Each structure stands twice: as C-alpha cells, then as structure tokens.
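>>> Kindly generate the corresponding structure for this input.
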Amino acid sequence: MRRAHWLVAVFLGAGCSLIFDPSKAPIVPCEPSACPSRAHASSRCVQNDCAWSCAIGFADTDGDLASSTSNGCEDSCTTPLGPAELHAMVGVPSGGIQWLWDPPDAGAAQYLVCTGTAQNQITNCSTVSAATACAQPKGGFACSAQRTGLPNNVRHYGRVQTIDRCQLSSAETLAPTRSATPFNGELATLNDLTVEAGCVGKTGVDGGVLRMSQSGLLCIGALLFGDDEWRDFTLHADTRVIDSSRVFYGGLAFHYPTGTQKQRRAVVLVSDSTNSEVTAALATLTPGTNFDKLVATSIGPVEGNRWMGVELISSGPEVAVAVGPAGSSPKPVLRWREPSGVGGAGRFGLYLGTFGWEEAIEFRNVTVSTRAVLPDAGTGSRKLDFKGSGLPPGIRVTPVGSSNVKMVTCPTFPGGSNCPADGGCQPSAGSNCVEIAAAGLASNTSLTFDQPLGLDPTRPWRLSFKFAPTAVAANAQILRTLSGKGSVLKGPPAAWNGKLWAFGVETTADLAANTWNRVDFRFGVSTWALELNGVNYPVPPLFPPSPEWDAHLGALILAGQDGNQGQLHGYWTDIEIAQPP
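Have a look, this model is predicted:
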C-alpha cells in the first residue's frame, strides 16, 4: 500500500493524471504493410492514413476503396481501343487547332492529346476528361480538344490516345495522327495574311469582317493564308457578295504551291440578281492565261448583300462547292473531277476578280477542316418537267425576269428530215414547250439548268432534247455551256443553211425551220457522238474535243450568245440527261 501511495504522490506531484487524453497520445507511424488488404490494389500511406491504388488493369468502379467493407478494385479492363481517325479544324480561333475525333467505345475516361511541330516530335501532351471532350460535338465529330496560342501559318501535328477507367492507354503506335496549320480566320486584323503578287485591291477589316474591293481591268487579287501542304480539305467562309448589276468573280481560292501562285482553283460567285447565266462556278487559272477558265458551273442561288456559307471541298480528284444561308448547312451546287488527277498540295486564299469597274466582296469566320467528305451527289439523271403551264423549278432565265422565255403549248410542226414515221421527233404527249424569242443580238435571252450533281463523266451518259427553230440568224445558239469553249450545238456561222456545228466542229447534220427534231449527244469515257432524228453523224470521236473543253459540262444553256453572238427563236421540250444512257 505504501508503495501505491508513493506512486500516486509521484504522479500528482508531476501534474499528471491517470485519466486518458487522446490528443496527447503518441502518434503511431503508418506502415503500408499494416494497412488492410484490398483486392487488386496496393496500399500506401497518406499523412499517416492508409490509402490504396488499383493495380494496372483494374478499377474501383463502385468507389468504396477507402471503406472498411470495400470489395477492392473489382472491375477489370483490357487495353482500350484508340479513336479510328483524328481530324483538325483551324482558322477560328486564330492561332488555334481543334483536334476532332469520335470515341472508340463507351469505356473512355480520358484522352491523351499530344501535339508537336514535326511528325516525330509529337511530345507536348495533356489529358482531357471524356466528359469534357465529348460535351459539345464539333465539325461532324463527337469529341474535340482545343490548342491555342500557336503561331499562325506553321504546321502542327497531333495524336490522340484513349485512357480508360483502369488508367490503361491505347497503343501509341496505333494512335491516329493528323497535321494542320493554324491561321488568322477571325479576321480581326490583317496579320499573317499575304497579298498575292499581281493585282492588289483595297482590303480592310472591321469587327471580324474582311472587305476586299478593286476596280482593275481583268484584275485578280487574293489574300493567302496557311501553308503549301494542304491536300484533302473543306474550306468554309461566310461570304457576302456586294450586289451589283455587273458581273464579277469572287470567293474562295485554293492555290497550288508558292512559286506558281497563279495556278488556282477558285469558287466564283455572282449575285443572282445580275444577268449572268450562272451564279456559282469553279474556275481554274494556269500561268500564262489572262483570266480564269470556268470548269464547272451552276445556277445555285447566290443572294447579293446577304451572308452565305460557302464551302470548297476537295477529296482526291473530286471537288465540290456548296452554298447556303450563313449558319446553316450549305447545299451542294456543283461537283467536278480533275481530268488529270489530283492537283497537288497547296494553300488557301480569299479571292476577287474584276473586269474594270469597282466591285467588292466580304468574308468572315474562315475555317479549314481536314475532314473532306463530299456531299451526296444523288442521281446522275434528270428530266425537265414541261407538263405545267409555268416554267419548272431549278432553272434560271436571263435577262432576269425576261418575258421572252416562257412556257407555251408546243407548235404542231412536222417532223424534220429522217424523222421516224412513228413521230419520234415530236414532243411527247402532254408536254409543253419552252419558247425563247430573240430580241436583238444584245439581249442574250436564255434559259439555264444544271447538269445533275451525280453525273459521273467518266462513265457513259446521254443528253437529249427536242427542238424546233423558226426565225434564225448566223451562229444560232441551240445549246451552250460556260464550262468550256462555248457552243455545244449551233447553226452555221454565215447564215442558216441547215448545217449544224457541234463542239466547234461542222457536221453534215442539217435541220429546217418550223420542223421538230430530236437531238441526242452520247458520251463515253473519252468519246462522243451526235444523233439527229435517230441518225448518227460522223464527228471527231475524242472527248473532250480540245483543251478548252472538259468532260464536265456543268450548267447547260438554251439559246443566248457565245463569243460569236448568234440568236434564234425556237422551242425546246423533252430535255433529259440520263446515266446510264
């Protein structure tokens, strides 16, 4: 007992108490080996507390790893799939790249996005959560990641890999890569835009809108951007044609590499209030020529003084142009195939051409995507329906609003020379006719319609119509196109003596006034033939017949004038383009 009293006295004398105080208890160091085990996980200490990490290939899907009743990392994974392809969009924002992809499966937790200035130096990497990357689809893809602050007009390369919930990454060696070149597509300034050598007009920017104007004679000006390494692409810009009664060229251009900058493909836009026979065209210009050659044309609507979305899409040897109201999906208006294959790599430009008086065009929101999906072209065949009392849709009359082009009851003329007895040259039952009445050589009265987008000029096709002339003049234009040299079919150059000219070549075919005649052009891969009233007439077989022509005829024009003038009064009906013929 004395010993016990002595111990109590010692404790009390030292100011201690036998009552337990946890705050003053000694801290026991954490030992990972002493932490409770968790399935498929390794333990560690975090501030003297146990923590666990899932082993590679496993995940704690139910989130209970810290619970005393945890079932560990219960979910297992295999190496995830990476995205099948990677694309890029540049221009807006300036100095930025939007990397675009679709998720390979539902198991992606993150994406590893890497960039670099060379194919073998894609080393600047960061992760983005799948939820963030795929929250707002862009550019036709479900997921995207943006990189900004990059120098304009310098090519960058990208790579994307999947990281799943188990922190496994898709194989880097199989990861899709892509390159793109940022540029100033916001147009807040003229920085990083290059004036093309040659014709230089006035340029200025205001509130993200670039305005180009000029007045030179046969003058082409362009502002170039990007670099010379683009091939397949979709070039988009909001475009506004400053309306005028005069005809001018303006739009988007794709230039072949620097050093041959005058070699270009350009979208030509003309306001639909002008008296141009076509409003949209694809033009080419090669060194040594004075102005652009139209290789594909369309009457697709181009409204003046209104913002439109315009796209130039290039994929392999094929090129398409789409036009529509700004903010909507542009609709395809023409399609063309490079006769000699792909034109090669190049860069882009904003483009204006004038004939001698001042014209202007404006641009905003310019972007380029590496995604080059040609729009659905539809069928390669078309018939113009002349069964109603009014002109059918999908045509263009010039001069705009002309009363000299109208739908009428077909006249009861007899069949022309060699016309089959069964009336194969007569208008089909129930059809009316388009009457085009010439009103002097300067009127250029005409009707224009588009060749079907889906027509493939590398496969056989047929163009047919029935025609009856009345009053005629020299070089009477029966059928023309602006996608080439001019007249497809016309009367003789001196006076009407019945001999027809086809693609600039005189034939032995003839027709008389006030008779019905059936015309058939048949085209093969590289040949063509002319039939009049079912009779084949010898023509040079090679098609195109000269460098001035292309296998793609584009918009087709009834009557009007070409460079040799020529007018007539006549009737057309049963117009058909067919593939197969």
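
>>> so residue 183 sits right up against residue 224, yeah?
No: counting by C-beta atoms under 8 Å, residue 224 is not a contact partner of residue 183; they are 9.6 Å apart. Placement of C-beta: from N, CA and C, glycine included.

>>> Between those two, which is the more surrounded one?
Neighbours per residue (other C-beta atoms under 10 Å) separate residue 183 from residue 224, with residue 183 holding more: 26 against 23.

>>> Phi and psi next, for that one.
phi -150, psi 170 (degrees, to the nearest 10).

>>> Now it. Nearest residue, chain neighbours left out?
Leaving out its chain neighbours, the residue that sits closest to residue 183 by C-beta to C-beta, 6 or more residues apart in numbering is residue 225, at 4.2 Å.

>>> for the record, mean pLDDT for the helix or strand containing the one you found?
Taking DSSP states H and E as the criterion, residue 225 maps to strand 219-230. Average pLDDT, strand 219-230: 90.

>>> What helices and strands are in contact with the helix or strand just after that strand?
Past strand 219-230, further along toward the C-terminus, the next helix or strand under DSSP H and E is strand 233-241. Packing partners of strand 233-241 (3 or more C-beta pairs under 8 Å, 6 or more residues apart in numbering; DSSP states H and E): strand 249-255, strand 308-315, strand 359-369.

>>> what about stretch 222-241, start to end distance?
15 Å (C-alpha to C-alpha, to the nearest Å).

>>> quick one: it to chain centroid distance?
11 Å (C-alpha atoms, centre = their mean, to the nearest Å).

>>> quick one: residue 525 and residue 459 touch, right?
Yes: in this structure, residue 525 is within contact of residue 459 by C-beta under 8 Å, at 7.1 Å.

>>> Enumerate every residue touching the residue nearest the centre of the chain.
Nearest to the mean C-alpha position of the chain, counting by C-alpha atoms, centre = their mean, stands residue 313 at 3.0 Å. For residue 313, the contact set (C-beta atoms under 8 Å, 6 or more residues apart in numbering) comprises 233-235, 319-322, 372-375.

>>> could you redo the last one with a cut-off of 6 Å?
Going by C-beta atoms under 6 Å, 6 or more residues apart in numbering, residue 313 touches 234, 320, 372, 374.

>>> So which of the residues you listed are in strands?
Members of these lying in strands (criterion: DSSP state E): 234, 320.

>>> For the strand or helix carrying residue 268, C-alpha coordinates in CSV please.
Per DSSP H and E, residue 268 falls inside strand 264-269. Below are the C-alpha coordinates for strand 264-269, written out as CSV (Å, rounded to 0.1, in the frame of the first residue of the first chain):
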residue,chain,number,x,y,z
ARG,A,264,-5.5,28.1,-108.7
ARG,A,265,-9.0,26.6,-108.3
ALA,A,266,-11.4,29.3,-107.2
VAL,A,267,-15.1,29.5,-106.3
VAL,A,268,-16.7,32.1,-108.5
LEU,A,269,-19.8,33.8,-107.1
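
>>> Give me the angle between it and strand 308-315.
For strand 264-269 against strand 308-315, the angle by axes from the mean of the first three to the mean of the last three C-alpha atoms, to 10 degrees is 150 degrees.

>>> same for strand 264-269, what does it pack against?
strand 249-255, strand 280-285 (3 or more C-beta pairs under 6 Å, 6 or more residues apart in numbering; DSSP states H and E).

>>> what's the angle between it and strand 249-255?
Using the same axes, to 10 degrees: strand 264-269 against strand 249-255 is 160 degrees.

>>> In contact with residue 416, which residues are there?
Applying C-beta under 6 Å, 6+ apart, the residues near residue 416 are 511, 515, 517, 533.

>>> before we move on, what about residue 526?
residue 543.

>>> Residue 304 contacts residue 270, correct?
No: look at residue 304 against residue 270 with C-beta atoms under 6 Å: they stay out of range, at 8.9 Å.
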